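Colleague: Dropping the sequence and predicted coords here.
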Amino acid sequence: IPQHLLSAASGVAAVESEPLERLKLAGTPPALTTNTTAMREYVQGLLADYAMSATHLNDYLTCPRLFLYQDILRVPRATTRAVGFGVAVHNVLKQASERKLTLPQVLKLFKTELERQLLSKRDFTDSLAFGELTLRAYYPKHREFLQRNRFPEKDFRPYHVRVQDVPIVGKIDAIHILDDQKKLVHVVDYKTGNPDNKSSDLAKGGNYHRQLVFYKLLCDHARAFGYTAVSGEIHFIQRSKKKADFASRSYEFTEEDVATVTTELTTVYQHIQALDFLNPKPEELCGECQWCVLCTT
């Protein structure tokens, strides 16, 4: 710029002497404050017709912040490769339970379902290759197992289930009838992750075990459903490298299991209704989820 077009401005020197501080301040997000009157009123509106799912129960017990941002505020997130892959596989297994599909039909259906997921080109290509490899090994071996499913992806929302006045909802991947006269069933949840690193979730009191007991509560308290769940199973679609085979874990439900999960359910529901997750105690936070990281940086 020609010098004769420039004019000095007062106070510039003072501002320009601290460029790094100003840059740091501009790049620092404001502190996240959730325990405000406006937020409490907004969340109360969201909870007007709230019903708890097994995922919500596990999330709250893991971290109240995770529950707030992921399950209540539902902050938008990009579809990850694992999530897209899992949804596609679950949809395929549901249809394979309803119809007698050949392996080529299953593979074609998987590709169609995967194309509906919002994945990058690379993630789609990798997921398609891994999914086809997995289904080629899994489906011929478990076709009969899938056909035992009498209620593919049973949705219990229409039953308006309540446990000690706590409304609960959920979809069960598969329900096998053990005794039609005695109305006894076995509930199944499909998992697409690596079974070799899920020992803590599979342990009694772990997230997967709690999820199956929650499904028992759904079945037992849905009066119009008419069946009692006496056992459950976590069924992995991905082959275990440790066992060089497909893995599953079955449980016989006990009165202790039901009492424990019922207590957890009612306690967490009371915390939710009191909006305690807007001002959680430090010892309740996991400190590891993305929301804890975001709130402490």
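Modeller: In hand now; what should we look at?

Colleague: Could you pull out the strands in the stretch 51-200 of the chain for me?
Modeller: Ranges of strands within the stretch 51-200 of the chain are 154-155, 162-163, 166-167, 171-172, 174-179, 184-191, based on DSSP state E, counting those that start in this stretch.

Colleague: where does this structure have low pLDDT?
Modeller: Along the chain, segments meeting pLDDT under 70 span 10-33, 296-297.

Colleague: Tell me, how many residues neighbour His235?
Modeller: 21 (other CB atoms under 10 Å). Any C-beta I mention is one placed from the backbone N, CA and C, and that applies to glycine too.

Colleague: Give the full set of residues in contact with it.
Modeller: By CB atoms under 8 Å, 6 or more residues apart in numbering, the contact list for His235 reads Phe145, Ala174, Val188, Asp189, Tyr190, Lys191, Ser248.

Colleague: about what we covered before: mind checking the strands of the stretch 51-200 of the chain for the one nearest to Phe130?
Modeller: strand 184-191 (15.1 Å; CB to CB).

Colleague: residues of stretch 242-249 that come out buried?
Modeller: Buried residues in stretch 242-249, counted by 16 or more other CB atoms under 10 Å: Phe246, Ala247, Ser248, Arg249.

Colleague: Assumed Gln238 was part of a strand.
Modeller: Yes. Under DSSP: H, G, I helix; E, B strand; the rest coil, Gln238 sits within a strand.

Colleague: right, and it touches Gly193 too?
Modeller: Yes. Between Gln238 and Gly193 there is a contact at 6.7 Å, judged by CB atoms under 8 Å.

Colleague: Settle it for me: which of those two has more neighbours?
Modeller: Between Gln238 and Gly193, Gln238 has the larger neighbour count (other CB under 10 Å), namely 20 against 14.

Colleague: In TSV, list the strands of the stretch 51-200 of the chain along with mean neighbour count and distance to Arg116.
Modeller: Below are those laid out as TSV (neighbours: other CB atoms under 10 Å; distance: least, CB to CB, whole Å):
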stretch	mean neighbour count	distance to Arg116
strand 154-155	16	20
strand 162-163	16	34
strand 166-167	18	31
strand 171-172	21	18
strand 174-179	18	22
strand 184-191	22	18
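
Colleague: JSON lines for those strands, including distance to Thr79?
Modeller: Shown next, in JSON lines, are the strands of the stretch 51-200 of the chain (distance: least, CB to CB, whole Å):
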{"stretch": "strand 154-155", "distance to Thr79": "22"}
{"stretch": "strand 162-163", "distance to Thr79": "32"}
{"stretch": "strand 166-167", "distance to Thr79": "29"}
{"stretch": "strand 171-172", "distance to Thr79": "19"}
{"stretch": "strand 174-179", "distance to Thr79": "24"}
{"stretch": "strand 184-191", "distance to Thr79": "18"}
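
Colleague: picking that back up, wait, which of the buried residues of stretch 242-249 is closest to Val161?
Modeller: When those are compared against Val161 (criterion: CB to CB), the nearest one is Arg249, at 25.0 Å.

Colleague: in which helix or strand would I find the closest one?
Modeller: If you go by DSSP states H and E, Arg249 is part of strand 245-252.

Colleague: which secondary structure elements does that strand contact?
Modeller: helix 121-147, helix 207-221, strand 228-240 (3 or more CB pairs under 8 Å, 6 or more residues apart in numbering; DSSP states H and E).
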